[in-house]
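> take a look and give me a structure for this.
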Amino acid sequence: MPRDISQLLTYSQGIAGDWAQKNPIANWLAPTVPVVTAKFNYKNYGSGNAFLAIDTRRSMGGSAARLTYTVSDATGVLGENSLETTIDDQERRENPESESQLEDIKVKDLTLTILNNDLKGLFTFMKANVSVTGGVGVWNNTAANDPIAEIDTQRKAVLDATGVMLNRGFIDYTAWLLLKNNKQVLDRIKFTKLGAATLETVSMLLASPMEFQIGGGALYTDVGGSANNMFLFYGQDSPGQQDPSWIKTFVRNPNRFTDMRQYREDKIRSDVFYLDWSQLHVVTGAGIVSRIQAT
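You can find the predicted model right below:
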């Protein structure tokens, strides 16, 4: 017996939750921030300081100091998205006793396609909105450049400019191969006796540790003509509309999808199911991210 639309929507939202657990890199890079309305306000930290130094001492009879930011108020508008799938009449005739299972299969495929496609779009967005830092990233085996020193230098430059220490790094798989096989890195590891070149080892070699994630473990994270990037950035697990993170995904519904609908299309002899959702990727801290393109 077919399932009703509300059941299918709940089922789709559950799939999205499971997918997020298996693909945590999406929320790690661009955490979701729910907003109340399609048009909303947020803080854009640009390239300025996250928080100004404030003298909190209060004089007798005086007022309290006020928290200020070198940021601007910005307005965003969520983009409406939708994708549909079909169940042909012949499919139903061939599965008369398992219609609900057939619908589940179709909705699961629809949901996973949306989520994987959005992850691919996120990486395209990242590369389109963050410029490559010049003069760094020559990490091949014959180069004298030291990737560890270059990463430390990039982090210090951002710290000096904004007061924020970059705490996360995403590495395309191609860039990781160049980094882990770089002679300068391997010599550092031998000297410190840390063992093999791993993400944890690289973090320990830095002036201060940071969390790394690598491409190749999630679908679509290492594609296109420039799949050799490292993004160093400041991120949080659960940011809001006001606090700093280099990129955020604003959504209308924390469960991603807002509507599941169905209609009949007799021309193709099919029932059509489609999911609606609203979201917007926004770079909210252009000054707290650095992109290195490895060669």
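> how near is Leu112 to Arg92?
22 Å (C-beta to C-beta, to the nearest Å). In this view, the C-beta of every residue, glycine as well, is placed from N, C-alpha and C.
> repeat for Val35
39 Å.
> now swap in Ile25 and tell me
38 Å.
> how about the helices in this structure?
5-22, 25-29, 89-94, 99-129, 147-162, 173-180, 183-192, 199-205 (DSSP state H).
> check which residues of the longest strand belonging to the chain are buried.
Using DSSP state E to define each element, the chain has its longest strand at strand 270-283. Buried residues in strand 270-283, counted by 16 or more other C-beta atoms under 10 Å: 270-271, 273, 275-283.
> so which of these comes closest to Lys120?
His281 (12.3 Å; C-beta to C-beta).
> just to revisit the earlier point, any chance of the helices of the chain in CSV, with mean neighbour count too?
Compiled in CSV, those are given as follows (neighbours: other C-beta atoms under 10 Å):
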stretch, mean neighbour count
helix 5-22, 15
helix 25-29, 19
helix 89-94, 12
helix 99-129, 17
helix 147-162, 17
helix 173-180, 20
helix 183-192, 15
helix 199-205, 17
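> can you put those helices in CSV and add distance to Lys39 and mean pLDDT?
As requested, the helices of the chain are exported to CSV (distance: least, C-beta to C-beta, whole Å; pLDDT from 0 to 100):
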stretch, distance to Lys39, mean pLDDT
helix 5-22, 24, 91
helix 25-29, 24, 90
helix 89-94, 41, 90
helix 99-129, 20, 90
helix 147-162, 28, 93
helix 173-180, 38, 90
helix 183-192, 47, 85
helix 199-205, 40, 91
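> closest one to Gly137 among these?
Counting by C-beta to C-beta, Gly137 lies closest to helix 147-162 out of those; the figure is 7.3 Å.
> who touches that closest one?
Contacts with helix 147-162, where a contact means C-beta atoms under 8 Å, 6 or more residues apart in numbering, come from 45, 47-50, 133, 136-137, 139, 164-166, 169, 179, 182, 184-185, 188, 202, 205-208, 210, 230, 232, 234, 287-290, 292, 294.
> that one to helix 183-192, inter-axis angle?
Using axes from the mean of the first three to the mean of the last three C-alpha atoms, to 10 degrees, the direction of helix 147-162 lies 100 degrees away from that of helix 183-192.
> next one: helix 147-162 to chain centre, how far?
Its chain's C-alpha centre and that of helix 147-162 lie 22 Å apart, by C-alpha atoms, centre = their mean, to the nearest Å.
> just the angle between that helix and helix 173-180, please?
110 degrees.
> what is the neighbour count of Gln241?
Residues within reach of Gln241, counting by other C-beta atoms under 10 Å, total 17.
> contact partners for it?
Applying C-beta under 8 Å, 6+ apart, the residues near Gln241 are 33, 35, 40-43, 250.
> and if you look at Asn27?
Asn27 neighbours (C-beta under 8 Å, 6+ apart): 20, 237.
> and it, how close does it get to Ala144?
38 Å.
> do the same with Phe250
44 Å.
> who's more crowded, the two?
Comparing Phe250 with Ala144 by other C-beta under 10 Å, the one with more neighbours is Phe250, at 23 against 7.
> excluding its backbone neighbours, what's nearest that one?
Leu280 (4.7 Å; C-beta to C-beta, 6 or more residues apart in numbering).
> I figured that neighbour hits Thr75, correct?
No: look at Leu280 against Thr75 with C-beta atoms under 8 Å: they stay out of range, at 10.9 Å.
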